[in-house]
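[1] Prediction below, plus the sequence it came from.
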Amino acid sequence: VQTMQKLPPLAPRSNRWTLSALTFAALLAAAPLAQAADCFWTGGTGDWGVAANWDCGRAAGAADDAFMTNNDDVLRLSGGSAAVRSMYLSGGRLDISGGAVLSTTSDMAGQVVWIGDFFFNWAREPRADLRVTGTGSLWQAQWSSIVVGNGATGAVTVDSGGEVSIRNLSFVLGTNGGNGTLAIGALPGQPPAAPGTVTGSNPGVIELGEDARSTGRLVFNHTNTGDYAFTRNLTGYHGELLHLAGVTRLKPDADSAVAGHIFTGSARVTGATLVLNSGLFVARADTANGIDGGITVESGGTLAGEATVGDANGKFATPITVQAGGTLIPGTLNSASGTLTVAEGGVTAQAGATLRFGLDNADNSRLAAAGPIDLGGATLALELAPGFAPAAGQQWTLVDNTGAAPVQGRFAQGTTISLPGYAFEIDYAGGDGNDVVLKLVAAPAPGGGGRVAAVPTLGEWSLLLLGLLAAGLGARRLRRAGWRAAGGRSGAREGG
């Protein structure tokens, strides 16, 4: 694992074992593996605990290596527990449900759990899936790397309170040209489901593509609209983060040696809300291998957060693009505070997109970016913090442009925007000359029952003075007329 200051190169690391058929052969030929029984699943669709479903004459146990190779088979572990030394799921589907617990018990560092693997299933395109579903259901890998998609296609789905636990090594999605997917809730194309969790330690990271020709995908397609947090750090050489449904807070693991989420690839928010909670988020491009980077917020999707996007020190750009129908909420979700910082890559919004900011007395949510920044005719949306009644004259920096170039484009509202009872002006050359600053020019007067107090302009002051002068002259004429009508008597003047 690497720190932010020492980001990995775009080529595979030389000190890492290569996942290949030769590696499999070496593992199978090693003395420790030779002592274990190889139990192949032959039960078609059936239950783990039935001895007749395995060719070793017993249900695979803690001393055994378990193999499943037929794409059409379904192996069920429902309730109870099972343990194997290692697992090679190169075809078919394994369902862990009903509070069942499946463990890999090997204490040999580097032992592997394979899901979707070409070596034991090369007669046809291999496809393997593992699903952990239901409260209490657990798949835990101890001292084992989990590899999903080794030269093949594999997927792991965690839903409805199920849990996958990674201890001591990593979770690799895609290697040797394979495709691996980890889905929280449901796979793409399926209805969203309640999420499960992925826990881990030392370092317990998710690797999205171990090399540039492999693809790892992390999918959020769940029904939690509250506070679902995903705390595993991301790394890798060819990945995609795909957010389809639910509200997900992507939080870095403070105990991990990886400084946040740093991978080659892209993120797409196509539905609901992805919150970059804190820390560093880098989704960089690899132009030499045709891999795009950056974050795209598509129609129906919302990106929020107060993280740092892109690494200015390493010059790894992570541009944010907000398409029509997409929403960007800098800062803390449902709050009027926090800053989303785009250190390298810039922000581009399209017409029909929405940029939403919260306002408070001493703070406001804001976007800080080194540029380029293009507002592109996007709609500006404002929200006042609960109980906050701003006064005329207050100002807020919405876009802190830390670069030298001016902000390109404007909001759809142009230079003015209003809320019920409030009128604002938008300055696109405010702050130090290239920031976007909001100024309140009219607000309800304190205790005025909704009457609006405004900050007069110079022209308005002139009109006000002329009005007062005219009113004074008019009053003087009326008093003189009244005195004359009374015959010039002093009593009438005193009484009037």
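    Received it, and whenever you're ready, just let me know what you need.
[2] how about low-confidence regions in this protein?
    The chain contains residues with pLDDT under 70 at 1-36, 105-112, 116-125, 143-144, 168, 202-203, 255-258, 446-496.
[3] Now do the phi/psi pair for the spatially most central residue of it.
    Note on the chain: the residue nearest the mean C-alpha position is Leu274, at 3.7 Å, using Cα atoms, centre = their mean. Per-residue torsions, Leu274: phi -110, psi 130 (degrees, to the nearest 10).
[4] Also Ala317?
    With angles defined as degrees, to the nearest 10, Ala317 sits at phi -80, psi 140.
[5] how about the helices of the stretch 151-300 of the chain, start to end?
    In the stretch 151-300 of the chain, no segments count as helices under DSSP state H, counting those that start in this stretch.
[6] let me redo that: the stretch 351-496 of the chain
    Using DSSP H, counting those that start in this stretch, helices in the stretch 351-496 of the chain cover 458-485, 490-495.
[7] circling back: would you mind measuring from the residue nearest to the centre of the chain to Val282?
    To Val282, Leu274 is 15 Å away according to Cβ to Cβ, to the nearest Å. Quick note: C-beta positions are derived from backbone N, CA and C, even for glycine.
[8] Show me what the nearest residue to Val437 once chain neighbours are set aside is bridged to.
    Counting by Cβ to Cβ, 6 or more residues apart in numbering, Val437 lies nearest to Gly430, which is 2.9 Å off, once chain neighbours are set aside. Assessed by DSSP bridges, Gly430 has beta-bridge partners Asp435.
[9] Can you give me the neighbour number for Gly430?
    21 (other Cβ atoms under 10 Å).
[10] right, and it touches Val407 too?
    No: contact criterion Cβ atoms under 8 Å: Gly430 and Val407 do not qualify, at 9.9 Å.
[11] so what's in contact with the two at the same time?
    By Cβ atoms under 8 Å, 6 or more residues apart in numbering, Gly430 and Val407 have these common neighbours: Val436.
[12] From Gly136, how far out is Ala83?
    16 Å.
[13] Sorry, slip of the keys, the one I care about is Phe411.
    50 Å.
[14] Those two: which is more packed in?
    More neighbours surround Phe411 than the other of Phe411 and Gly136, with 21 against 13 (other Cβ under 10 Å).
[15] In contact with that one, which residues?
    Leu355, Leu375, Gly377, Ala378, Thr379, Leu380, Ile417, Ile426.
[16] count of neighbours near the fifth one?
    Other residues within reach of Thr379, judged by other Cβ under 10 Å, total 17.
[17] shouldn't it be in contact with Arg410?
    No: if you go by Cβ under 8 Å, Thr379 and Arg410 don't touch, sitting 11.1 Å apart.
[18] can you pull the contacts of the residue nearest to Val437?
    Contacts of Gly430 (Cβ under 8 Å, 6+ apart): Gln395, Thr397, Val436, Val437.
[19] Correct me if wrong: the second one contacts Lys439.
    Right, Thr397. No: in this structure, Thr397 is not within contact of Lys439 by Cβ under 8 Å, at 10.6 Å.
[20] and the closest residue to Val247 other than its chain neighbours, how many neighbours?
    Nearest non-adjacent residue to Val247, counting by Cβ to Cβ, 6+ apart: Thr273, 4.6 Å away. Neighbours of Thr273 under the rule other Cβ under 10 Å: 21.
[21] right, and Glu163 touches Thr135 too?
    No: assessed by Cβ under 8 Å, Glu163 is found out of contact with Thr135, at 9.1 Å.
[22] Next, show the common contact partners of those two.
    Going by Cβ under 8 Å, 6+ apart, no residue sits against Glu163 while also sitting against Thr135.
[23] out of the two, which sits in the busier spot?
    Using other Cβ under 10 Å as the criterion, Glu163 and Thr135 rank with Glu163 on top: 19 against 12.
[24] Who are the contact partners of the more buried one?
    Val132, Ser137, Leu138, Trp139, Gly196, Thr197, Val198, Thr199.
[25] Could you report the distance from it to Ala193?
    For Glu163, the distance to Ala193 equals 15 Å [Cβ to Cβ].
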